[in-house]
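> here's a sequence, model it:
(one chain, ligands or ions: 1)
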Amino acid sequence: MVERERAGSGEITLEMLVPLPVEMLKELDFTEIAIYLVHRGRPVLYKNKGVPVSEDFIIELYDRLQNFYIAREDSFLLLGEIEKNLKESFSKDPSPENMKRIFTQMSKVVDVVLALPTKENLGVMEQFSLDLSDYMEKNPSAAYLVAFTVNKDFTTTLHITNVGALVSGFAYHLGFREEIYRDIVTAAFLHDVGKVKIPDNILKKPGKLSLREFELMKLHTLWGAKVLEENGLSRYSHVAKYHHERIDGSGYPEGLAGGKIPIEAQIVQVCDVYEALTGVRPYRDPLSPFDALAVMRDEFVLKGKMDKSLYKEFLTFLYKNRYDVV
Ligand SMILES: [Fe+2]
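Have a look, this model is predicted:
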């Protein structure tokens, strides 16, 4: 490990860095990006720009840490790397492998946006979502391959990416096209951005949240809408705000009922609930698609919390993804 970097007028401080998951080192080229670790609460330069990342280096970090750090100002270099990979994937025909590649890259963008939700980075997320919508519209069969991309690990990033993937297929299946379709897909990738303000010990709590913790968690809807509005992305903020409303009025933050809940938010909600039930959570095993759909029917549709026809359409959509749900 080299000595702590002293850059120009001052030292690199923690506030100047963005944490990223170590998995990213395996999948992207960090040659031109300096890497930092945090040692005893202080940033330490681990690898300078221009130095390739060796296999040994990755193994060493992998065993010891969950995160590494890059300078905030380098996040655009990283997004540039992701863009290269996405462009290549968008030039290929749809296949389960290519869809998986696309959503692996999208999850990295979500990672960067959650770590650093600046106007610039949110704008990149928007652009990539629009590119994805374009790809889906040009390759209709892609919509019916998205269920293959769902990653079972539990992180906020993967949850958002999975929901984005499912919504991109489901909204296409529902017949939305062009501007409205693009808005729904983009809003899905941005729907939980308010979670950047929720402390990790609540987000990753291996058990039920206390009443106080749940009240805090609920605020991610309002915070998400605010982040989007403050960064020129108001056209997506209603989905961030209303994706936890229920049609019987029992949801949050406003207790909206029935048709007052925007259809985009209801579409995201169906995918959100399904993803939560089929994904790994620290406090329970994942449900099979069949069991998850049964829970959605019993606990949501039959109790008047979810639109029945939207649920039925979701079943058809999943069936066309050739999931074993019937
Ligand atoms: Fe949410």
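> helices of the stretch 201-326 of the chain, residue ranges please.
Secondary structure of the stretch 201-326 of the chain by DSSP state H, counting those that start in this stretch: the helices cover 211-218, 220-230, 237-242, 263-278, 289-295, 308-320.
> go on, the stretch 51-200 of the chain?
Going by DSSP H, counting those that start in this stretch, the stretch 51-200 of the chain shows helices at 55-64, 75-90, 96-115, 119-138, 156-173, 178-190, 200-203.
> low-scoring stretches of the stretch 51-200 of the chain, by residue?
152 (pLDDT under 70).
> out of the helices of the stretch 51-200 of the chain, which is closest to E245?
Proximity to E245 (C-beta to C-beta) singles out helix 178-190 among the helices of the stretch 51-200 of the chain, at 14.3 Å. C-beta here means a position set from N, CA and C on the backbone, and glycine is covered the same way.
> what comes up buried for the closest one?
By neighbour count on 16 or more other C-beta atoms under 10 Å, the buried set for helix 178-190 is 181-190.
> distance of the spatially most central residue of the chain relative to D29?
Central residue of the chain (C-alpha atoms, centre = their mean): I160, 2.6 Å from the mean position. Distance of I160 to D29, computed by C-beta to C-beta, to the nearest Å: 24 Å.
> one more: S288?
38 Å.
> and if you look at G251?
Distance of G251 to D29, given as C-beta to C-beta: 43 Å.
> and for L302?
Counting by C-beta to C-beta, the gap from L302 to D29 is 51 Å.
> now do R64
For R64 relative to D29 (C-beta to C-beta), the value is 22 Å.
> and these two? which has more neighbours close in?
Comparing R64 with D29 by other C-beta atoms under 10 Å, the one with more neighbours is D29, at 14 against 9.
> nearest residue to that one in space, please, no chain neighbours.
Ranked by C-beta to C-beta, 6 or more residues apart in numbering and with sequence neighbours excluded, the top spatial neighbour of D29 is E81, at 5.8 Å.
> for E275, same thing?
Nearest residue to E275 in three dimensions, chain neighbours excluded: N162, at 4.7 Å (C-beta to C-beta, 6+ apart).
> give me the neighbour count for the one you found.
26.
> quick one, what contacts it?
N162 is in contact with 103, 149-151, 275, 279, counting by C-beta atoms under 8 Å, 6 or more residues apart in numbering.
> just the buried members of these?
103, 149-151, 275, 279.
> can you put those residues in a markdown table and add distance to G169?
Output for these, formatted as a markdown table (distance: C-beta to C-beta, whole Å):
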| residue | distance to G169 |
| --- | --- |
| F103 | 11 |
| T149 | 9 |
| V150 | 11 |
| N151 | 15 |
| E275 | 12 |
| G279 | 17 |
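> tell me the one of these nearest K119?
Closest to K119, out of all of the buried ones among the contacts of N162 and judged by C-beta to C-beta, is F103, at 24.3 Å.
> now for that closest one: which residues touch it?
Contacts of F103 by C-beta under 8 Å, 6+ apart are 146, 149, 151, 161-162, 164-165.
> equivalent analysis for A143, please.
Contacts of A143 (C-beta under 8 Å, 6+ apart): 136, 168-170, 172-173.
> mind doing that once more with 7 Å?
By C-beta atoms under 7 Å, 6 or more residues apart in numbering, the residues touching A143 are 136, 169, 172-173.
> before we move on, back to that, the buried ones among the contacts of N162: which two are farthest apart?
Maximum pairwise distance among the buried ones among the contacts of N162 (C-beta to C-beta): 14.1 Å, between F103 and G279.
> for Y274, give its distance to A292.
6 Å.
> distance check, Y311 against H191.
19 Å.
> the two: who's more crowded?
Taking neighbours as other C-beta under 10 Å, Y311 and H191 compare with H191 leading, 32 against 18.
> for that one, grab phi and psi.
As for H191, its main-chain torsions (degrees, to the nearest 10) stand at phi -70, psi -30.
> let's number from 35 now, not from 1
All right, first residue 35 from here; so that's H225.
> so it sits right up against S271, yeah?
No. Between H225 and S271 there is no contact under C-beta atoms under 7 Å: 9.9 Å.
> how far off centre is stretch 189-202?
Centroid separation for stretch 189-202 versus its chain: 5 Å, with C-alpha atoms, centre = their mean, to the nearest Å.
> please disregard the earlier target; I meant stretch 199-208.
So, by C-alpha atoms, centre = their mean, the centroid of stretch 199-208 is 15 Å from its chain's centroid.
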